[in-house]
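1. I'll drop the sequence and a predicted model, then ask my questions.
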Amino acid sequence: MFRHDLSEFGGQLPFADGTYRSDWLRMAFEEADRAPYLLLSGEHPVGLALVRGLDGTTRVLNGFFVVRGARRSGIGLRAVAEVVARHPGPWEIAFQDANAGAVRFWRRVAAEIAGDAWTEERRPVPGRPDLPPDVWISFVRPGPRPPQKA
């Protein structure tokens, strides 16, 4: 569903068997510096979050999806806040300007998590000069503070 949803903005078509590429999902389970998260509403799976860069200096939310029936319920914002809180440090999140809902959502996420301390820039999509640049939001999620001495 994630790849199908994004196909609107990049023109990707499914394979002959009706599936889309799943390398990001597979890598999230197999590679040590990645983590997959399943988003639930009660007992219902409603989305996913895929993180990479856990062993590096910057974490990247390189996959995020909420099914249409659960969007605008607050579950996406709560999920991102929880995922980011699990991995303090610098974060980057990419999205496409053409996806107006994503533009609004990710700017709101950045403001909720980082206040005014976030940046936005456009970067070319690697290997895809035919696509417009991705928008990248960057911010830092501080870790827990050490206890104060009395």
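-> Sure, I can see it.

2. how many residues are close by residue 58?
-> If you count neighbours by other C-beta atoms under 10 Å, residue 58 ends up with 12. In this view, the C-beta of every residue, glycine as well, is placed from N, C-alpha and C.

3. that one: what's it in contact with?
-> Shown in contact with residue 58 (C-beta atoms under 8 Å, 6 or more residues apart in numbering): 89-92, 138.

4. let's go with 6 Å and repeat that
-> When contacts are counted by C-beta atoms under 6 Å, 6 or more residues apart in numbering, residue 58 touches 90, 92.

5. can you give me the strands in this protein?
-> Remark: strands assigned in the chain by DSSP state E are 34-41, 44-52, 59-66, 89-95, 118-123, 134-141.

6. need the ones you listed in CSV (columns: mean neighbour count and mean pLDDT).
-> Converted to CSV, these look like this (neighbours: other C-beta atoms under 10 Å; pLDDT from 0 to 100):
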stretch, mean neighbour count, mean pLDDT
strand 34-41, 17, 92
strand 44-52, 19, 91
strand 59-66, 21, 91
strand 89-95, 19, 94
strand 118-123, 13, 96
strand 134-141, 18, 94
